[in-house]
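Peer 1: Any chance you can model this:
(one chain, ligands or ions: 1)
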Amino acid sequence: MTIFQFPKDFRWGTATASYQIEGAAQEGGRGVSIWDTFARTPGKVFNGDNGDVACDSYHRYEEDIELMKKLGINTYRFSIAWPRIIPDGDGEINREGLDFYHRFVDKLLEAGIEPFCTLYHWDLPQTLEDDGGWGNRRTVDAFVKYAEVIFKEFSGKINFWLTFNEPWCIAFLSNLLGIHAPGNRDLQTSINVAHGLLVAHGKAVQSFRRLGITGQIGIAPNVCWAEPYSKSPEDQAACDRSIALNTDWFLDPIYKGSYPQFMVDWFAEAGATVPIQEGDMEIISQPIDLLGINYYTMGLNRFNPEAGVLQSEEVDMGLTKTDIGWPIESRGLYEFMHYLQKYGNVDVYITENGACINDDLNNGKINDDRRISYYEQHLAQIHRIINDGINLKGYMAWSLMDNFEWAEGYRMRFGLIHVDYRSLVRTPKESFYWYQNVIKNNWLETRS
Ligand SMILES: CCOCCOc1ccc(-c2cn(C[C@@H]3NC[C@@H](O)[C@H]3O)nn2)cc1
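Peer 2: Numbers count the residues shown, from 1 in each chain. The predicted model follows:
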C-alpha cells in the first residue's frame, strides 16, 4: 500500500454536460439542438435513446447538489445549454433559461462548490446547423453573442470557464466519422468546423478580456495518447498523426498561432485545406489561462493505408478494457502530460477522467470495484505528474452520475452515482464512497 498526498489547494470535482443530464428538452423556452435532431434520426443512437428526460437534472438539481455536498467535492464542471439561452441560436435571449442557470449556480455557491462552466458541450442550436453550422461564420458570431450574454450574466459568480469541450469530437468525430451529431462524413467539412470553432474560441476570449470578466478561461481538448506498435518510422508517423489530430491541431493554433504543418500537408494530399481568413490566426491565438484535459485511454498505433484519413490504426494488445471497450492504461495520462509541456507549463485541470463500468444494483448496492481500480491507477499517475512539477491544479471525475452517453445512449454508465432511468432514483456506487474518502483525506491510499 502507498499513500499519495495531494497539494492542499488541489481541486477535487466531478463533471457533467447539459444535454447528457438535464432533460426538460421542451421546457423553459429551450430550443432544438443538433442532438435532439440526431437522436431522433433512426440508427444514430443506441435503442433510439435521447435527452428528452435524461437524469431530469433540470428539475432535480437541488438533489444532485446535495449528493455533491455528500461526496465532498469543491468543484463542479457543468455546461450551459446554448438552446436554453438563445433558442434559435442568434436571436432573442430566453430569460427563463438564464434564470434556471442562476438558480443552479446560486445553489452550487451556497454549497461551497466552485462552478466550472463549459460554454459549449455539443448542443448547437439546430437553426445554426441548418445554415452551415461551425463552417459558417454566422455560427461563429452567434457563439460570441451567446458567450457575451453568459459572461455578463455570471461574471463574479463563475470564475472558471471553458469555451469548448473536446474540439476533436466536435469537428472530426461528428463531421468526418459521422458518429456524433450532426453526423457528416466529409474531411473538408470537419476541417471547416475545426477552424470555425477555433475562431469562435479566440473571439470569445477577446470578449472575455474586453468585458473585464473575472476568472480564468480556457478550452478542453480530449486526449488520444498513442505509442508506436513498432520502431518503424511509418508506425511512429501514424502515431504522431493520431495524437496531433486531437491535440496539436487545436493547441498549435492557440499557443503558436499556426496549424501543425505536417498535418496541413497531410490533409492537402487528401484534397482538403484550412479556410483561414485574414486575421484568423491572431484571433485564435489569444492567450488563455488554463487547459482542461479529458483523458480516458491510450492506444498502440501502426501505419495502415486502409485505416481512414490518418492511415493509423489501433492494435488490440489484449489490455483489460472498460465496458465501452476502451483499454485501461493510466500510463498514457502521464506520457501525455509531459507531451503537453511543449506548450509551456500551463495550468491544467483534468476535466474528464473515468470508466464505463456497467455494474448494476445488487441488493441496493453497486460494487463497481473495476471503477475504483481505474480511478486508483489514474490518480496515482496524477500524483506522479504533480510530483514532476507539472502544474496540474485539479481533477474532475467523469461523471457525477450515469447519463446519456451520446451514440451509446443510456447503456453505457460512467457515473459515481447510479441512475435508474425509469424512477430517476440516484444511488451512490461504492466508487462514490471511495472517491469521497480520497477527497476527505486529500490523499490516495492504494489497496494493493
Ligand atoms: C469506431 C470508431 O470510433 C471512433 C472513436 O469514437 C469515439 C466515440 C466516443 C468518444 C468519446 C466519448 N467520450 C466521453 C465523453 N467525453 C465528453 C463527455 O460528454 C463524455 O460523455 N470521450 N470520448 C471518443 C471516440
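
Peer 1: And the residue of the stretch 1-150 of the chain closest to the ligand?
Peer 2: Nearest to the ligand in the stretch 1-150 of the chain, going by Cβ to the nearest ligand atom, is Ala17, at a distance of 4.8 Å. All C-beta atoms are positioned from the backbone trio N, CA, C, and that covers glycine.

Peer 1: So which bits of the chain are right by the ligand?
Peer 2: Proximity of the chain to the ligand is confined to 17, 20, 165-166, 173, 177, 179, 222, 294, 296, 352, 398, 405-406 under the rule Cβ under 6 Å from any ligand atom.

Peer 1: ChimeraX command for the buried members of the residues you listed?
Peer 2: Buried residues within the residues of the chain next to the ligand, by 16 or more other Cβ atoms under 10 Å, are selected in ChimeraX with:
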select :17,20,165,166,173,222,294,296,352,398,405,406
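
Peer 1: now, which of the residues of the chain next to the ligand lie within helices?
Peer 2: Gln20 (DSSP state H).

Peer 1: Hmm, which of the residues of the chain next to the ligand is lowest in pLDDT?
Peer 2: Note: of those, the lowest pLDDT belongs to Asn222, at 94.

Peer 1: how far away is that residue from Gly344?
Peer 2: For Asn222, the distance to Gly344 equals 20 Å [Cβ to Cβ, to the nearest Å].

Peer 1: Asp316 too?
Peer 2: In terms of Cβ to Cβ, Asp316 sits 35 Å off from Gly344.

Peer 1: Tell me which of the two has more neighbours.
Peer 2: Higher neighbour count among Asp316 and Gly344: Asp316, with 11 against 8, using other Cβ atoms under 10 Å.

Peer 1: Make sure Phe164 is actually in contact with Tyr120.
Peer 2: Yes - applying Cβ atoms under 8 Å as the test, Phe164 and Tyr120 come out as touching, 5.0 Å apart.

Peer 1: What ranges does the stretch 101-250 of the chain have for its helices?
Peer 2: Under the criterion DSSP state H, counting those that start in this stretch, the stretch 101-250 of the chain contains helices at 126-130, 137-154, 167-168, 174-175, 187-210, 233-246, 248-256.

Peer 1: any idea which of these is most buried?
Peer 2: Across those, the average number of neighbours (mean count of other Cβ atoms under 10 Å) peaks for helix 174-175, which reaches a mean of 28.

Peer 1: quick one, strands of the stretch 1-150 of the chain?
Peer 2: 3-5, 11-15, 75-79, 114-120 (DSSP state E, counting those that start in this stretch).

Peer 1: Show the contacting residues for Asp240.
Peer 2: Shown in contact with Asp240 (Cβ atoms under 8 Å, 6 or more residues apart in numbering): Phe262.

Peer 1: residue nearest the centroid of the protein?
Peer 2: Asn165 (4.1 Å; Cα atoms, centre = their mean).

Peer 1: Would you agree that residue is in contact with Trp122?
Peer 2: Yes - the criterion here is Cβ under 8 Å, and Asn165 meets it with Trp122 at 6.8 Å.

Peer 1: shared neighbours of those two, anything?
Peer 2: Counting by Cβ under 8 Å, 6+ apart, the common neighbours of Asn165 and Trp122 are Ala17.

Peer 1: Would you mind listing the residues touching both of Phe164 and Tyr120?
Peer 2: Both Phe164 and Tyr120 are in contact with Ile170, Leu197, where contact means Cβ under 8 Å, 6+ apart.

Peer 1: Leu444 should be in a strand, yeah?
Peer 2: Yes - assessed with DSSP: H, G, I helix; E, B strand; the rest coil, Leu444 lies in a strand.

Peer 1: Specify the beta-bridge partners of it.
Peer 2: Phe4 (DSSP bridges).

Peer 1: which ones are touching it?
Peer 2: Applying Cβ under 8 Å, 6+ apart, the residues near Leu444 are Ile3, Phe4, Phe6, Glu376, Leu379, Ala380, His383, Val438.

Peer 1: Tell me the spacing between it and Gln5.
Peer 2: Distance, Leu444 to Gln5, using Cβ to Cβ: 8 Å.

Peer 1: what's the overlap in contacts for the two?
Peer 2: By the contact definition Cβ under 8 Å, 6+ apart, Leu444 and Gln5 are jointly contacted by His383.

Peer 1: Low-confidence ranges, the stretch 1-150 of the chain, go.
Peer 2: By pLDDT under 70, the stretch 1-150 of the chain contains no weakly predicted segment.

Peer 1: Strands along the stretch 201-350 of the chain, start to end?
Peer 2: In the stretch 201-350 of the chain, the segments counted as strands under DSSP E, counting those that start in this stretch are 216-220, 225-228, 290-294, 298-303, 312-314, 348-352.

Peer 1: Export the residues of the chain next to the ligand as JSON lines, with columns for distance to Phe10.
Peer 2: As requested, the residues of the chain next to the ligand are exported to JSON lines (distance: Cβ to Cβ, whole Å):
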{"residue": "Ala17", "distance to Phe10": "23"}
{"residue": "Gln20", "distance to Phe10": "26"}
{"residue": "Asn165", "distance to Phe10": "22"}
{"residue": "Glu166", "distance to Phe10": "23"}
{"residue": "Leu173", "distance to Phe10": "31"}
{"residue": "Leu177", "distance to Phe10": "35"}
{"residue": "Ile179", "distance to Phe10": "34"}
{"residue": "Asn222", "distance to Phe10": "22"}
{"residue": "Asn294", "distance to Phe10": "18"}
{"residue": "Tyr296", "distance to Phe10": "21"}
{"residue": "Glu352", "distance to Phe10": "17"}
{"residue": "Trp398", "distance to Phe10": "18"}
{"residue": "Glu405", "distance to Phe10": "28"}
{"residue": "Trp406", "distance to Phe10": "30"}
